[in-house]
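Asks: no sequence on this one, just coordinates:
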């Protein structure tokens, strides 16, 4: 797998020229948006000064000006969203994100408009809430040595309605969702959730997981139990999956994401990992230059860290009959 040193050369020779061309497109679009906003606001500003000159009532002048501002903000944001989400973003992902994915591994394919299937999300057993809105993008799939993987950005929500009939949307999960072929055969489900309670508190952990078919499992590794709360349909199977070597690797994996909440599950021979992010990971900047090596390097790091899960958890080492 490619490293940062190799990426530096790839950035200079391949990505930087593309980014410079895209930056010119970005500047042109900003100018277009500026002209559109000026075209909307201009007549209202002119009317404001005319009304002042004609000594029309002050309240009417203020009303005109506020109306102009509201319309400018509304249409401005609408056009910004359009320009960011349409051709410009599509071109950026085609010319920058796709080459980064292929640079990391020729065995990976990138589909900017696809997302993790709902069936995978549901099968993972990580999030049990009813999902009313399911959106995703930046889907990557392929094979790393013996292990089939796929992942994408994902944002899931449920809605609630208050006594006034007002609808509110609540995020269930937002971040990167990874699915991989695990290196052991098994049936059933074992779920690892972030341990927010620390050591002990078994009663409260059981209560917290009371809506699950999986039951609380206590394991021997104290560091692992500090990091994760384990639920499983079979405690013997959980110990078969979570060998001492894998628990150590999961502890190390936990340290890779000190600022991100990480959930994992092992279901019917597959591993599912949800890494929380509070931002869109692979979107281009619009009001600042895209010729930004630090930002492009963050795209590379986020994709590479996800692909490296295969190595981090030793998924290519097949156990007994798993091929």
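Replies: Received the coordinates, thanks. Not measured: the values here are computed from a predicted model. Residues are numbered from 1 along each chain as shown.

Asks: Would you point out which residue is most central in this protein?
Replies: residue 175 (2.8 Å; CA atoms, centre = their mean).

Asks: which SSE is it in?
Replies: Element membership for residue 175 (DSSP states H and E) is strand 167-181.

Asks: same check, this time on residue 125
Replies: Judged by DSSP H and E, residue 125 forms part of no helix or strand.

Asks: low pLDDT regions in the stretch 51-200 of the chain?
Replies: 51-69, 71-85, 198-200 (pLDDT under 70).

Asks: make it 80
Replies: Along the stretch 51-200 of the chain, the model assigns pLDDT under 80 to residues 51-86, 196-200.

Asks: in it, which spans are helices?
Replies: For the stretch 51-200 of the chain, the helices defined by DSSP state H, counting those that start in this stretch occupy 58-85, 87-92, 98-104, 118-123.

Asks: same for the second one, what does it pack against?
Replies: Translated: helix 87-92. Packing partners of helix 87-92 (3 or more CB pairs under 8 Å, 6 or more residues apart in numbering; DSSP states H and E): helix 16-53. In short, each C-beta sits where N, CA and C put it, glycine included.

Asks: Correct me if wrong, but residue 260 is in a strand.
Replies: No. With DSSP: H, G, I helix; E, B strand; the rest coil as the criterion, residue 260 is located in coil rather than a strand.

Asks: Verify the contact between it and residue 175 for me.
Replies: Yes. Residue 260 lies in contact with residue 175 (CB atoms under 8 Å); the separation is 7.1 Å.

Asks: can you list residues touching both of the two?
Replies: Both residue 260 and residue 175 are contacted by 275-277, under the criterion CB atoms under 8 Å, 6 or more residues apart in numbering.

Asks: What is the nearest of these to residue 186?
Replies: Nearest to residue 186 among these, counting by CB to CB, is residue 275 at 23.1 Å.

Asks: who's in contact with that closest one?
Replies: Contacts of residue 275 (CB under 8 Å, 6+ apart): 175-178, 257, 260-262, 306.

Asks: one more time with 7 Å, if that's ok
Replies: Applying CB atoms under 7 Å, 6 or more residues apart in numbering to residue 275 gives the contacts 175-176, 257, 260, 262.

Asks: so it sits in a helix?
Replies: No. Assessed with three-state DSSP, residue 275 is strand; it does not lie in a helix.

Asks: the domain parsing of this structure - what is it?
Replies: 4-87, 109-312 (automatic domain parsing).

Asks: and residue 100, which of those is closest to it?
Replies: domain 109-312 (5.4 Å).

Asks: Assign the closest residue to residue 313 other than its chain neighbours to helix, strand or coil.
Replies: The shortest distance from residue 313 to any non-neighbouring residue, by CB to CB, 6 or more residues apart in numbering, is to residue 249 (5.3 Å). Per three-state DSSP, the local secondary structure of residue 249 is helix.

Asks: Number of residues surrounding residue 249?
Replies: 17 (other CB atoms under 10 Å).

Asks: how near is it to residue 291?
Replies: Separation of residue 249 from residue 291 (CB to CB, to the nearest Å): 38 Å.

Asks: Over to residue 272?
Replies: Per CB to CB, residue 272 is found 37 Å from residue 291.

Asks: between the two, which one's more packed in?
Replies: The residue with more neighbours, out of residue 272 and residue 291, is residue 272; 23 against 17, by other CB under 10 Å.

Asks: What backbone torsions are found at residue 107?
Replies: Main-chain torsions, residue 107, degrees, to the nearest 10: phi -90, psi 10.

Asks: What distance do you get for the closest residue to residue 151 other than its chain neighbours to residue 238?
Replies: Closest residue in space to residue 151, ignoring its immediate chain neighbours: residue 178 at 4.1 Å, by CB to CB, 6+ apart. From residue 178 over to residue 238 the distance is 20 Å, taken as CB to CB.

Asks: With residue 182 instead?
Replies: Counting by CB to CB, the gap from residue 182 to residue 238 is 13 Å.
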